[in-house]
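Student: With the input below, show me the fold.
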Amino acid sequence: CVCVHSWSLSGSEQFALRYADGPQLYITEQVSLSSLARAARQLLDRIQSHGIDARLEALKELAKLSADPTFATEFISMEGIGTLARLVESGTHFGEMLAFTLTAFLELMDHGIVSWDLISLSFIKQIAGYVNQPMVDVSILQRSLAILESMVLNSHSLYHRVAQEITVGQLIGHLQHVIRGNRPIKAEMAHQLYVLQVLTFNLLEERMMTKMDPSDQAQRDIIFELRRIAFDGENDPSGTEKRKAMYTKDYKMLGFTVSPNHVNPAMDFTQTPPGMLALDNMLYLAKLHQDTYIRIVLENSSREDKHECPFGRCAIELTRMLCEILQVGELPNEGCNDYHPMFFTHDRAWEEFFCVCIQLLNKTWKEMRATAEDFNKVMQVVREQITRTLAMKPSSLDQLKGKLRGLSYSEILRLRQSERMSQDDFQSPPIIELRERIQPEILELIKQQRLNRLCEGSCFRKLGNRRRQEKFWFCRLSLNHKVLHYGDLDESPQGEVPFELLTDKIPVSDIKSVVTGKDCPHMKEKSALKQNKEVLEQAFSILYDPDENLNFVAPNKYEVSNPFYPQNKYNSEDMYS
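Tutor: Numbering: from 1, shown residues only. As a prediction, the model looks like this:
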């Protein structure tokens with residue numbers, strides 16, 4: 001009617017109306033099926049033409065028209081989707097032409113006229129290939145990802161096919177462009193990254209809740225592999241009893257629960273969480289970071305029994321802790337956007353995170369000079385170190401390591417003290433008054449404890465001219481606090497050494513000062529010792545009249561809290577009076 005009355009055009013069936021602005025869709029109420037069919041046929045012919053320019057213009061127009069459901073129906077009825085799919089599969093389209101082809105294909109499929117299950121495997125591989133390319137045009141990447149998303153959402157069978165072609169690791173590079181881009185991450189994108197993070201970690205839930213079957217030989221072989229890697233495949237003794245004894249010793253060195261009636265470390269993995277996930281983490285560390293794994297195991301096996309850090313027990317408890325911190329197995333929260341950028345920098349981010357944290361645990365154990373009785377205390381400190389660092393949102397695993405290095409045990413103590421002091425309750429007048437009242441008593445108690453420790457005395461090793469530790473010697477303060485007794489011993493004493501055996505002495509009144517480190521006379525005299533940082537940190541000397549000195553080297557740097565191993569310079573009045 002419009003053609004006849006308004007424009008005086010004959011053959012109205014040859015014409016169709018379309019919006020000039022916006023999506024440029026056809027006005028279906030004014031269009032006959034024959035005119036749409038003709039337009040669709042012409043576009044299809046132009047798409048298959050040999051002229052590149054004509055084909056590009058046709059695909060550009062098709063990308064706009066495909067959103068119209070009426071046009072889409074006509075185009076699809078002419079096998080138009082099959083034609084577009086073959087163009088993609090041929091691999092001959094690039095740049096703008098490919099982008100328009102993918103746009104038209106996606107728009108046509110979104111109408112739901114054709115089932116996604118009909119998509120060929122070669123088409124899936126071609127689309128996945130665009131996603132897997134490290135450098136690809138942004139428009140092509142966006143449309144390829146949208147097509148793969150529609151496949152996954154609309155077809156269960158295609159989900160498995162797509163999963164075979166695309167892995168999370170291959171997508172990480174593209175996510176990095178978003179996370180590390182110059183533009184700020186919008187709330188919706190942040191939420192989607194958070195959801196992806198949660199769902200990725202939730203893939204660990206099955207292993208986390210799987211108990212180890214002690215009778216399963218394949219699972220037990222994993223533990224054997226841990227032992228083999230740690231101890232370099234030492235040959236097993238021939239006798240059954242000898243082999244059992246060696247296994248017991250090795251499993252104890254690995255930090256598993258071992259007793260006379262319990263030589264099967266598989267039992268350590270029967271509690272869920274963390275179940276088999278802990279064993280998976282340990283095996284990953286042993287295989288992918290073998291030097292680190294061997295160093296941790298052998299380092300702890302060479303410590304004194306009471307100070308060894310049980311690797312197996314620590315790895316199991318650490319895995320449980322990390323699952324709690326990262327809320328493995330919990331559903332995403334609506335509106336939450338608390339994602340961690342570093343987990344999108346590695347395709348095995350969970351395992352790498354564990355490897356960083358187990359090294360942190362071992363370091364903190366040493367810093368705390370912990371024993372088996374301190375296990376829970378160490379884990380509490382490690383939890384605090386990890387949660388404080390995660391709150392800083394490190395952008396990479398390397399940045400995580402750097403921030404954790406800055407959160408040593410001493411720094412955690414300082415932060416705790418600072419936070420406690422900053423609380424209003426601790427600054428209230430009653431608390432301040434109480435603190436001032438009891439402070440003299442506390443200082444007197446500390447002084448008395450130091451004097452008692454000095455009276456008990458300590459044993460030291462003498463350093464020879466060749467930096468070889470030779471004889472022992474002992475030093476203690478007299479009970480009246482007026483004389484410092486010391487003398488040589490043939491061997492390390494068991495218990496208190498009587499004053500009668502300590503033939504040398506220094507009157508406390510003659511002591512001028514106590515110096516540490518490089519200020520010590522024996523560090524100045526022996527240049528080789530001065531270059532040894534560990535010895536330098538453990539050295540201190542008592543200077544007394546007339547220009548004499550008594551030189552010490554503490555057994556280790558963790559004993560500096562002992563009054564015999566002062567960290568600062570004191571005079572005799574400060575230390576002994």
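Student: from here on, contacts and neighbour counts on C-alpha atoms
Tutor: Fine.
Student: quick one: pLDDT of Cys3?
Tutor: pLDDT for Cys3: 50.
Student: cool, Asn337 as well?
Tutor: Confidence score, pLDDT, at Asn337: 91.
Student: Over to the one 4 residues further on?
Tutor: At Pro341 the predicted local confidence, pLDDT, stands at 93.
Student: which residues touch it?
Tutor: 179, 393-396 (C-alpha atoms under 8 Å, 6 or more residues apart in numbering).
Student: now Ile506
Tutor: Applying C-alpha under 8 Å, 6+ apart, the residues near Ile506 are 483-485.
Student: next one: Asn551
Tutor: Under the criterion of C-alpha under 8 Å, 6+ apart, the neighbours of Asn551 are 520-522, 539-542.
Student: Now name the helix or strand holding it.
Tutor: Assigned by DSSP states H and E, Asn551 belongs to strand 548-553.
Student: That strand: partners in the sheet, and parallel or antiparallel?
Tutor: Partners of strand 548-553 in the sheet, by DSSP bridges, are strand 539-544 (antiparallel).
Student: Residues contacting the partner strand, please?
Tutor: Here strand 539-544 has contacts from 510-517, 520-521, 523, 549-554, 565-566, using C-alpha under 8 Å, 6+ apart.
Student: Distance to Ile294 for the contacts of Ile506 - can I get that in TSV?
Tutor: Formatted as TSV, the contacts of Ile506 follow (distance: C-alpha to C-alpha, whole Å):
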residue	distance to Ile294
Val483	49
Leu484	45
His485	45
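Student: Any chance of the residues you listed in CSV with pLDDT as columns?
Tutor: Shown next, in CSV, are the contacts of Ile506 (pLDDT from 0 to 100):
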residue, pLDDT
Val483, 94
Leu484, 94
His485, 94
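Student: just the residues you listed now: which is nearest Ala104?
Tutor: Leu484 (93.2 Å; C-alpha to C-alpha).
Student: and Ile506, that's in a helix?
Tutor: No - under DSSP: H, G, I helix; E, B strand; the rest coil, Ile506 sits outside any helix and is assigned strand.
Student: And it, how far from Pro430?
Tutor: Ile506 sits at a distance of 46 Å from Pro430 (criterion: C-alpha to C-alpha, to the nearest Å).
Student: do Met97 as well
Tutor: In terms of C-alpha to C-alpha, Met97 sits 78 Å off from Pro430.
Student: out of these two, which sits in the busier spot?
Tutor: Met97 (20 against 11; other C-alpha atoms under 10 Å).
Student: from what I can see the more buried one touches Leu59, true?
Tutor: Yes - at 6.9 Å, Met97 and Leu59 qualify as touching, with contact defined as C-alpha atoms under 8 Å.
Student: the longest helix in the protein is where?
Tutor: For the chain, the helix reaching the highest residue count under DSSP state H is reported as helix 429-456.
Student: just checking, what packs against the helix or strand following that one?
Tutor: Once helix 429-456 ends, the next helix or strand along the chain (criterion: DSSP H and E) is strand 458-463. If contacts are counted by 3 or more C-alpha pairs under 8 Å, 6 or more residues apart in numbering; DSSP states H and E, strand 458-463 sits against strand 469-477, strand 548-553.
Student: Tell me which of the ones you listed lies nearest to Asn333.
Tutor: strand 548-553 (56.7 Å).
Student: tell me which residues of the closest one are tucked away?
Tutor: 549, 551-553 (16 or more other C-alpha atoms under 10 Å).
Student: what about it, distance to the chain center?
Tutor: Its chain's C-alpha centre and that of strand 548-553 lie 46 Å apart, by C-alpha atoms, centre = their mean, to the nearest Å.
Student: the inter-axis angle of it versus strand 469-477?
Tutor: 120 degrees (axes from the mean of the first three to the mean of the last three C-alpha atoms, to 10 degrees).
Student: In CSV, could you pull the C-alpha coordinates for strand 548-553?
Tutor: Output of strand 548-553 as CSV, limited to C-alpha atoms (Å, rounded to 0.1, in the frame of the first residue of the first chain):
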residue,chain,number,x,y,z
GLU,A,548,90.8,-7.6,78.3
ASN,A,549,87.9,-9.4,76.6
LEU,A,550,86.0,-12.6,76.8
ASN,A,551,84.7,-13.7,73.4
PHE,A,552,81.6,-15.8,72.6
VAL,A,553,79.8,-17.3,69.6
